[in-house]
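> dropping a prediction and its sequence here:
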Amino acid sequence: MKSHTKVRKCIIVDDEPLACEVLARYVERIPSLQLAAQCSNAIEAMEAIKEHDPEIIFLDIQMPEIRGTDLIRILKNPPFIIVTTAFQEYALEGYELDVVDYLLKPIKFERFLKAITKLSRLQGDHSFAPAPEKNEAENEKEPYLYFRTDRKSVKVMIKDILYVEGMGNYVKVFTEMGVIITKNSMTTMEMMLPEKYFLRTHRSFIVQKTRVTSFGGETIEIEKHHIPIGKLYKNSVIKVLREA
């Protein structure tokens, strides 16, 4: 007889669209997980929980109006919670609320997989395994991202991004076609941009390694742009660029 893998419904609750997109891609790679809804705040999450009755919630902490930890307290019988946040200081509060795991952004797939493997052990289930790698034809498709700007989503090919500059709650994405300003954090951008191609050089800058034309101890040059190298990043940045 064939064994049937139980599919578990989950929802993602995060007010950063790119963070949701990353987690959605990770969920898609696990055959036993089914993404039932993506929510940008706790109010939407409560409605999604009523409608879909998920077994797992991937939950951000810092959200408008109602924080993620407050949402957990509101729920009478919360499902399994995996916290996803950029703020380490909420870890103790999260664990006091009996969350399954606490994932710090930027979240790598290996860390995500470790969290759901931990969950599978709690449930006595070992069906959480990543889907097979895509075939070569699918892998050859050029990667891209959508950035929300001027009330529309703009498609940008990864290869066309020169660098990213942070401006508080917004980022500037410098491309061959011009500059896109979108509401996002540098932490989320670092999570979204493939580590294979991109490098954080400063708390406010991420560059595409293949676009670097020259570099010194304090700056990187991409075409006519000069991007600073932060003191905390200097050693690792120079090491990566020399080995590229």
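Sure thing, it's come through. Numbering: from 1, shown residues only.
> quick one: buried residues of stretch 26-46?
26-27, 29-30, 32-42, 44-46 (16 or more other CB atoms under 10 Å). C-beta here means a position set from N, CA and C on the backbone, and glycine is covered the same way.
> so of those, which ones are in helices?
Per DSSP state H, helices hold the following members of the buried residues of stretch 26-46: 26, 27, 42, 44, 45, 46.
> can you redo those as JSON lines with distance to residue 66 and pLDDT?
As requested, these are exported to JSON lines (distance: CB to CB, whole Å; pLDDT from 0 to 100):
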{"residue": "26", "distance to residue 66": "25", "pLDDT": "89"}
{"residue": "27", "distance to residue 66": "23", "pLDDT": "91"}
{"residue": "42", "distance to residue 66": "4", "pLDDT": "93"}
{"residue": "44", "distance to residue 66": "10", "pLDDT": "95"}
{"residue": "45", "distance to residue 66": "9", "pLDDT": "95"}
{"residue": "46", "distance to residue 66": "9", "pLDDT": "95"}
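> between these, which sits nearest residue 144?
residue 26 (18.0 Å; CB to CB).
> what pLDDT does the model give the nearest residue to the closest one once chain neighbours are set aside?
Counting by CB to CB, 6 or more residues apart in numbering, residue 26 lies nearest to residue 112, which is 4.7 Å off, once chain neighbours are set aside. Looking at residue 112, its pLDDT is 91.
> show the backbone phi and psi for residue 112.
Dihedral pair for residue 112: phi -60, psi -50, per degrees, to the nearest 10.
> low-scoring stretches of the chain, by residue?
Along the chain, segments meeting pLDDT under 70 span 1-5, 90-95, 123-141.
> what's the closest of the ones in helices among the buried residues of stretch 26-46 to residue 175?
Once CB to CB is applied, the member of these that ends up nearest residue 175 is residue 26, at 25.8 Å.
> got the residue ranges for the helices in the protein?
Taking DSSP H as the criterion, the chain carries its helices at 17-28, 42-52, 68-74, 91-96, 109-123, 136-139, 186-192, 234-243.
> cool, thanks, signing off.
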